[in-house]
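Visitor: okay, here's the prediction I keep looking at, along with the sequence it came from:
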Amino acid sequence: MNIDVARAPIGTDSKGKKVYLRDIWPTSREIAAVIRKSINKGVFAKKYADVFKGEANWRKIAVKGGMTFA
């Protein structure tokens, strides 16, 4: 890209008016509202319930238990 998307128009609307990224980018308040609606304790509990279990290939590695690496 050879344009500065923070300052240069990124296109035009149906009436030919220049459209800038700032015209379509959500505000911090809008982003916070979406986060409040969609992120909650249940989302984290589900996503990270087995975080220390590891994925299937990791669990296939045969190891002996112990406090230190042999």
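Guide: Thanks, I have the structure now.

Visitor: any low-confidence regions in the protein?
Guide: 1 (pLDDT under 70).

Visitor: give me the most central residue, it.
Guide: Centroid-nearest residue in the chain, with C-alpha atoms, centre = their mean: Ile35, separated by 11.1 Å.

Visitor: do you know how far that one is from Val43?
Guide: From Ile35 over to Val43 the distance is 11 Å, taken as C-beta to C-beta, to the nearest Å. For glycine as for every other residue, the C-beta is placed from the backbone atoms N, C-alpha and C.

Visitor: kindly report the same for Glu30.
Guide: Distance from Glu30 to Val43, by C-beta to C-beta: 19 Å.

Visitor: over to Arg22?
Guide: Going from Arg22 to Val43 by C-beta to C-beta gives 30 Å.

Visitor: cool, and Lys15?
Guide: Distance from Lys15 to Val43, by C-beta to C-beta: 41 Å.

Visitor: who's more crowded, the two?
Guide: Val43 (10 against 5; other C-beta atoms under 10 Å).

Visitor: ok so that one is a strand residue?
Guide: No: according to DSSP: H, G, I helix; E, B strand; the rest coil, Val43 belongs to no strand; its state is helix.

Visitor: which residues does it contact?
Guide: Val43 makes contact with no residue under the criterion C-beta atoms under 8 Å, 6 or more residues apart in numbering.

Visitor: identify the residues contacting Tyr20.
Guide: Tyr20 sits next to Arg7, Ala8, Pro9, Ile10 when contact means C-beta under 8 Å, 6+ apart.

Visitor: and if we set it to 6 Å?
Guide: Pro9 (C-beta atoms under 6 Å, 6 or more residues apart in numbering).

Visitor: separation between it and Ile10?
Guide: Per C-beta to C-beta, Tyr20 is found 6 Å from Ile10.

Visitor: quick one: the strands in the chain, in order.
Guide: For the chain, the strands defined by DSSP state E cover 11-12, 18-19.

Visitor: want to throw the ones you listed into a markdown table with mean neighbour count and distance to Phe52?
Guide: Listed next are those as a markdown table, based on neighbours: other C-beta atoms under 10 Å; distance: least, C-beta to C-beta, whole Å:
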| stretch | mean neighbour count | distance to Phe52 |
| --- | --- | --- |
| strand 11-12 | 10 | 47 |
| strand 18-19 | 12 | 47 |
